[in-house]
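Using only what follows, build the 3D model:
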Amino acid sequence: MSTDRLAQFSGKYINLETYRKSGQAVATPVWFMAEGGQIIVVTKSETGKVKRLRNNDKVRIVPSGMRGEPQGEWVEGKARFLDKDELERALKARNKKYGFQAKLAGFVSRTKGELVGISIALD
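Coordinates of the predicted model:
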């Protein structure tokens, strides 16, 4: 991904758009990290976005506020799930970026499965 395209992803949230089997788009505001030219998201394994990504790896993302209001330009990409080592690095990056909030979110969000990492390569 070019530096210019990555530059817009410097805030706290992105709106992650994934697709149902029917093709209907579902947008979800999430925390993210920009690492090594990729956008990284950490979430729980039983969330809707993870279920949709298992069926279709195409995504769109845009910088957003915490309620998902777009604050930039939508960009298309492809998602893949991180392996165990990559997930550990992603968790460290998330804790560094979000600090106490990340720890609190982990404590509050005990349901919906185990943590998984998603890497998004932009087209």
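
quick one: low-confidence parts of this protein?
Within the chain, the ranges that satisfy pLDDT under 70 run 1-4, 103, 105-112.

residue boundaries of the strands in it?
Remark: strands assigned in the chain by DSSP state E are 13-19, 25-31, 33-35, 38-44, 58-64, 75-81, 115-122.

Let me know the outermost residue of the protein.
Ser22 (21.7 Å; C-alpha atoms, centre = their mean).

and the closest residue to Ser119 other than its chain neighbours, what are its bridge partners?
Computed as C-beta to C-beta, 6 or more residues apart in numbering, the closest residue to Ser119 that is not its neighbour in sequence is Gln38, at 4.9 Å. (Glycine included, C-beta is placed from N, CA and C.) Beta-bridge pairing of Gln38 under DSSP bridges involves Glu35.

and the gap between Gln38 and Gln71?
Here Gln38 is placed at a distance of 20 Å from Gln71 (C-beta to C-beta, to the nearest Å).

So for those two, which residue has more residues nearby?
Regarding Gln38 and Gln71, a neighbour count based on other C-beta atoms under 10 Å identifies Gln38 as having more, with 21 against 14.

Can you list the buried residues in stretch 66-77?
Gly68, Gly72, Val75, Gly77 (16 or more other C-beta atoms under 10 Å).

Can you list the helices and strands that the lengthiest helix in the chain packs against?
Across the chain, the helix with the greatest residue count (assigned by DSSP state H) is helix 84-98. With contacts taken as 3 or more C-beta pairs under 8 Å, 6 or more residues apart in numbering; DSSP states H and E, helix 84-98 sits against strand 25-31, strand 33-35, strand 38-44, helix 100-108, strand 115-122.
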